[in-house]
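# Sequence and computational prediction follow.
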Amino acid sequence: MKYSVLVRRMRERIHDFSGRLSTRFSRPKARFVEEVLYGLTAGRDVKLSSIGRSLEEDVPLCATEKRLSRNLATEGMDDVLREQLVLLGRRRVHKDTFLLVDISDIRKRYAAKMENLARVRDGSTGELVDGYWTLNVVACEQGESRIVPLYQKLYSAKAEGFESENAEILAALDMLGEAVGERGIWVIDRGGDRIKLLAPMLADRRRFIVCLRGDRNVVFRGRLRLERDIAQGCPMYYAEHIVKEESEGEKGYHIEYGYRKVKLAGRDEQLYMVVVKGLGRKPMMLLTNLPMRKRRAVLWQVVGGYLTRWRIEEAIRFIKQN
């Protein structure tokens, strides 16, 4: 296929998508959104100079940059785009669609004067570095590779109005919850087991799967027990062989999994700890309010739901690196 045909088709698809994304904007602002989307795709760079070059306008590049910069500074534009993206994506969320929540970081190694630059922990190296946090939520069906971006926000602990990471996550859950209602199963990595997140999710009757750290206490058979102690004695009902795509290639794992009934201290809701062994030295512990029974398909919904996070690792890595 000729390059010119590919470019035309790409512009047509971007025009269609940006039009649905920009219904609340004036014509100049809608044009700006389309131009930036095209410039990001064609230039493969977030710098305004690269986006401007991709537009190939018959004016000096500095004039294009100034126009883009002026529109980019529009107050509240990111909030409107985020809301529109949720409205566009919600039709792809069904009863058991997994809604994967991910906190990641953007490292700004050479930045010195960027607005509200703060210290973050680099997820790749564990170092404390200058940068920003990002909160991403994508939808994914079990067994499928396609993901649907629903929510993304870059934030700084130094920004005016910042409260906490918990507040950022709950704000995302509230916005998406209004759009999708009771559809979807929320999947959150380590850190999702904080009571400040679990209590609101239980109160709002959100279905969830969260990874447990193992060093907290839960109620098991009427007594407070350490999570990892419960996991060690958990019976393994089923086994599977799974394959994970890693940097050095595919790697196979033989896993076993089972569950225990647990509750949170001071709460009456029946919860379940699903335990997975074989992915590392320590068992993986998943807390869920999905009703568990000794059936392979029921248990695998939780195990497979959490392992679906592997599917978005490439997407998150792409965002960080590019």
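Nice, thanks for sending it over. Residues are numbered from 1 along each chain as shown.
# all helices of the stretch 1-150 of the chain, in order?
Ranges of helices within the stretch 1-150 of the chain are 3-21, 27-43, 48-55, 61-72, 77-89, based on DSSP state H, counting those that start in this stretch.
# okay if I get those as JSON lines plus mean neighbour count and mean pLDDT?
Every residue, glycine included, has its C-beta placed from N, CA and C. Below are these laid out as JSON lines (neighbours: other CB atoms under 10 Å; pLDDT from 0 to 100):
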{"stretch": "helix 3-21", "mean neighbour count": "13", "mean pLDDT": "83"}
{"stretch": "helix 27-43", "mean neighbour count": "17", "mean pLDDT": "91"}
{"stretch": "helix 48-55", "mean neighbour count": "18", "mean pLDDT": "92"}
{"stretch": "helix 61-72", "mean neighbour count": "14", "mean pLDDT": "93"}
{"stretch": "helix 77-89", "mean neighbour count": "16", "mean pLDDT": "92"}
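# so which of those helices comes closest to Ala297?
For the helices of the stretch 1-150 of the chain, distance to Ala297 was read as CB to CB. The smallest value, 27.1 Å, belongs to helix 77-89.
# what's the closest one packed up against?
Judged by 3 or more CB pairs under 8 Å, 6 or more residues apart in numbering; DSSP states H and E, helix 77-89 is in contact with helix 3-21, strand 147-155, helix 165-180.
# Same list, these, but as CSV with distance to Gly43 please.
Listed next are the helices and strands packed on helix 77-89 as CSV, based on distance: least, CB to CB, whole Å:
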stretch, distance to Gly43
helix 3-21, 12
strand 147-155, 20
helix 165-180, 29
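# Which one, of those, ends up nearest to Met114?
That would be strand 147-155 among the helices and strands packed on helix 77-89, by CB to CB, at 11.3 Å.
# next one: that closest one to chain centre, how far?
Centre-to-centre, strand 147-155 and its host chain are 6 Å apart (CA atoms, centre = their mean, to the nearest Å).
# Give the rounded mean pLDDT of that strand.
Here strand 147-155 scores 91 as its mean pLDDT.
# Out of the helices and strands packed on helix 77-89, which gets nearest to Glu141?
Short answer: strand 147-155, nearest of the helices and strands packed on helix 77-89 by CB to CB, at 9.2 Å.
# The closest one pairs with which strands?
strand 128-140 (antiparallel) (DSSP bridges).
# Just want the angle from the partner strand to helix 77-89.
Computed by axes from the mean of the first three to the mean of the last three CA atoms, to 10 degrees, the angle separating strand 128-140 from helix 77-89 equals 30 degrees.
# returning to that earlier point: Throw the helices of the stretch 1-150 of the chain into JSON lines and include distance to Gly143, thanks.
Putting the helices of the stretch 1-150 of the chain into JSON lines (distance: least, CB to CB, whole Å) gives the following:
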{"stretch": "helix 3-21", "distance to Gly143": "26"}
{"stretch": "helix 27-43", "distance to Gly143": "29"}
{"stretch": "helix 48-55", "distance to Gly143": "37"}
{"stretch": "helix 61-72", "distance to Gly143": "39"}
{"stretch": "helix 77-89", "distance to Gly143": "19"}
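# nearest to Leu87, of the helices and strands packed on helix 77-89?
helix 165-180 (6.4 Å).
# about what we covered before: tell me which of the helices of the stretch 1-150 of the chain approaches Arg119 most closely.
helix 77-89 (22.9 Å).
# any residues touching stretch 182-201, and which ones?
The contact list for stretch 182-201, computed with CB atoms under 8 Å, 6 or more residues apart in numbering, reads 93-103, 139, 165-166, 169-170, 173, 176, 205-213, 216, 264, 267, 287, 290, 305-306, 308-309.
# With just CA atoms, put that stretch into CSV.
The C-alpha trace of stretch 182-201 is given here as CSV (Å, rounded to 0.1, in the frame of the first residue of the first chain):
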residue,chain,number,x,y,z
GLU,A,182,-22.0,-2.0,38.4
ARG,A,183,-20.3,-3.4,35.2
GLY,A,184,-16.7,-4.4,35.3
ILE,A,185,-14.4,-5.9,37.9
TRP,A,186,-11.7,-3.6,39.3
VAL,A,187,-8.2,-5.1,39.4
ILE,A,188,-5.6,-3.2,41.5
ASP,A,189,-1.9,-4.2,42.2
ARG,A,190,-0.1,-3.9,45.5
GLY,A,191,-1.3,-0.9,47.4
GLY,A,192,-4.9,-1.6,46.5
ASP,A,193,-5.4,-3.4,49.8
ARG,A,194,-5.3,-0.2,51.9
ILE,A,195,-8.4,0.1,54.0
LYS,A,196,-8.9,3.7,52.7
LEU,A,197,-9.5,2.1,49.2
LEU,A,198,-11.2,-1.1,50.3
ALA,A,199,-13.8,0.6,52.5
PRO,A,200,-15.2,2.9,49.8
MET,A,201,-15.2,0.1,47.2
